[in-house]
Structure formats: C-alpha cells, structure tokens
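> Show me how the following folds:
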Amino acid sequence: MDINSTNPDFVFGRHAAVDYLKEMDQTTINKVFLQSGVQEDFAKEVFGLAKAKGLVVQTVPKTKLDQLVDRGNHQGIVLAIASFAYADLDELLADFEARKHDPFILMLDGIEDPHNLGSILRTADATGVDAIIIPKHRATGLTGVVAKTSTGAIDHVPVARVTNLVQTVKKMKDQGYWFFGTAMNGDDYRQWNAKGKAVLVIGNEGKGISKLLLEQMDQKLTIPMIGHVQSLNAGVATGILLYQMFTSREG
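Modelled structure (predicted):
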C-alpha cells in the first residue's frame, strides 16, 4: 500500500486508496478527496465504497491533491487517514459509570484547524478533561499535526468520534449528563457550576455551534469582552472555559 513517505497521514493512488476503502474500518479514515472530472466509473466506485462506510467524499481540483501529497502520483484520489486510535464512546461512558465517576467531557462541533485541536488537547490534559468527542465528518481528526501541537497530550486524553453529535447528546442526556454550550447571548461563564456529569460544547472556528446542537444545551455560556473584537480563537476560548471548569470542580 503506497503511503506518502513525507506525510504518513495520507494514502493515495487508485489501487492503494480503493484497497484501503475496502479493507479498513471507517474510523481510520478522516476524509476522502476525489479529483473533479475523474472517469465516471472510478468516481462511482469511490462514492459507493465511501457510502457503504458512512464517509463523505469531497470533490476537489487536482491542485489540491498535488498540495496534499507534495505532488506525489495520486491518480485523482487521496485519503486522509487517522494516525492515532480513537476511543469507543460507549466503553468510556460505561467505565465512568462502573467507577461511579462524574466525568467532565469536551465536545467539539466541527473544529477544522488541526493546530486548534492540538492546543485544545493540551489544555484538556492540563485541566483534567476525561474525554473529548468530535464528529466524523467536516472536522479535523487525529493527525500528525494534531499530535505535534498537543505535545504528547494526545496519548493521555481519549478522543471518540461519532457520526451524529445531536443524537449523541440525546443519548448521553438519558444517562444524566448536562450540556453547556458557548453562545453570544449566554450566561457569564464565571458563574458556571461545572460539577456533576458535565459536557462543554465548543463550536466551529467561524460558525460556532450548529443550530440543532445549540438547541440541546442545558445552559449557554458567554465570555464577556470589552474590546473592539468580540470573538476569540476557538483554542483560547476553550482554554478560558476549561479553567473555569477546573476551578468549579476542584473548589
């Protein structure tokens, strides 16, 4: 199987990519990039394999693929693959329950920048976050860049990937979890009581938390700002909230 020697986070080339799609579990594949204008038969095969595993195919120009694999011979297809293993959410929740432990969990709704995810992992480790939940689609996964930015935290904070965040929230609410999400019109985060089975939800860098997910929140939180710029980098905002969580729970 041809894996780019300069970037182990990609599998490319038609035979290698198709074999990987057929043989590997979908949790090991972050994204499927297909060159626009490839032969119809090949495109149908890729879309069929991806659909069977619940993967989204992103059609991109050839220049994008060239950039991803440093001008390697990608033949019109590149798979972004997971460099690190993901945790099973059901197993994590069952373990917390068995230990009678009220966990603090971080849910990330579509963080796209791997540097942001890496820095968030680092802060999560520092503040005692028990696990992180990310979506399988339209978000960065665990890559080499994430690992490097996390400075080792990736090995200590379990990360679970789920297909549908809204359904995951509903399932966890049935198990007694409370959800707290960031919003412009929320309560001052400094008054946040994060004790118990708590989940902090952080939205996408530009769009914030998606509407359907935000509707599921038990409480909305905001970080007051007096400057001219009324927004913070996702990693910075997460850090502020995680330390409030740490203060609230440690007391």
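
> For residue 240, give me its contacts.
189, 223, 232 (CB atoms under 8 Å, 6 or more residues apart in numbering). C-beta here means a position set from N, CA and C on the backbone, and glycine is covered the same way.

> Recalculate using a threshold of 6 Å.
residue 223 (CB atoms under 6 Å, 6 or more residues apart in numbering).

> Output the below-cut-off pLDDT ranges for the stretch 151-251 of the chain.
Where the stretch 151-251 of the chain drops to pLDDT under 70, the residues are 229-230.

> could you pull out the strands for it?
159-162, 178-188, 198-202, 219-222 (DSSP state E, counting those that start in this stretch).

> Let me know the angle separating the third one from strand 178-188.
To tie it back to what came earlier, the one meant is strand 198-202. Orientation check (axes from the mean of the first three to the mean of the last three CA atoms, to 10 degrees): strand 198-202 against strand 178-188 gives 60 degrees.

> can you give me how far strand 198-202 is from the chain middle?
Its chain's C-alpha centre lies 13 Å from the corresponding centre of strand 198-202 when counted by CA atoms, centre = their mean, to the nearest Å.

> And for residue 23, the neighbour number?
9 (other CB atoms under 10 Å).

> any idea of the pLDDT on it?
As predicted, residue 23 sits at a pLDDT of 83.

> same question, residue 5
Predicted confidence (pLDDT) for residue 5: 32.

> OK, contacts around the residue nearest to residue 186 when sequence neighbours are not counted?
Closest residue to residue 186 apart from its sequence neighbours, by CB to CB, 6 or more residues apart in numbering: residue 220 at 3.3 Å. Contacts for residue 220 (CB under 6 Å, 6+ apart) come out as 181, 183, 186.

> okay, now residue 71: neighbour count?
Using other CB under 10 Å, residue 71 is surrounded by 9 other residues.

> In terms of helix, strand or coil, where does it fall?
Secondary structure, DSSP: H, G, I helix; E, B strand; the rest coil: residue 71 is coil.

> now for the host helix or strand of residue 33, which elements pack on it?
Using DSSP states H and E, residue 33 maps to strand 29-35. The contact analysis (3 or more CB pairs under 6 Å, 6 or more residues apart in numbering; DSSP states H and E) places strand 29-35 against strand 57-60, strand 77-81.

> repeat that with 8 Å
With contacts taken as 3 or more CB pairs under 8 Å, 6 or more residues apart in numbering; DSSP states H and E, strand 29-35 sits against helix 14-23, helix 40-52, strand 57-60, helix 62-68, strand 77-81.

> Stretch 162-176: which residues count as buried?
162, 165, 168-169, 172 (16 or more other CB atoms under 10 Å).

> who's the closest residue to residue 20 other than its chain neighbours bridged to?
Nearest residue to residue 20 in three dimensions, chain neighbours excluded: residue 11, at 4.9 Å (CB to CB, 6+ apart). Beta-bridge partners recorded for residue 11 (DSSP bridges): residue 3, residue 79.

> Number of residues surrounding residue 11?
With other CB under 10 Å as criterion, residue 11 counts 25.

> re the thing from before, can you tell me which of the strands of the stretch 151-251 of the chain is most buried?
Of these, the one with the most neighbours on average (mean count of other CB atoms under 10 Å) is strand 198-202, at a mean of 24.

> Next, the contact list for the closest residue to residue 246 other than its chain neighbours, please.
Once flanking residues are discounted, residue 246 sits nearest to residue 127: 4.4 Å by CB to CB, 6+ apart. Residue 127 makes contacts with 242-243, 245-246, as judged by CB under 8 Å, 6+ apart.

> Show me the helices in the stretch 101-250 of the chain, by range?
114-127, 144-150, 165-173, 211-214, 234-250 (DSSP state H, counting those that start in this stretch).

> what's the first-to-last distance across stretch 41-60?
17 Å (CA to CA, to the nearest Å).
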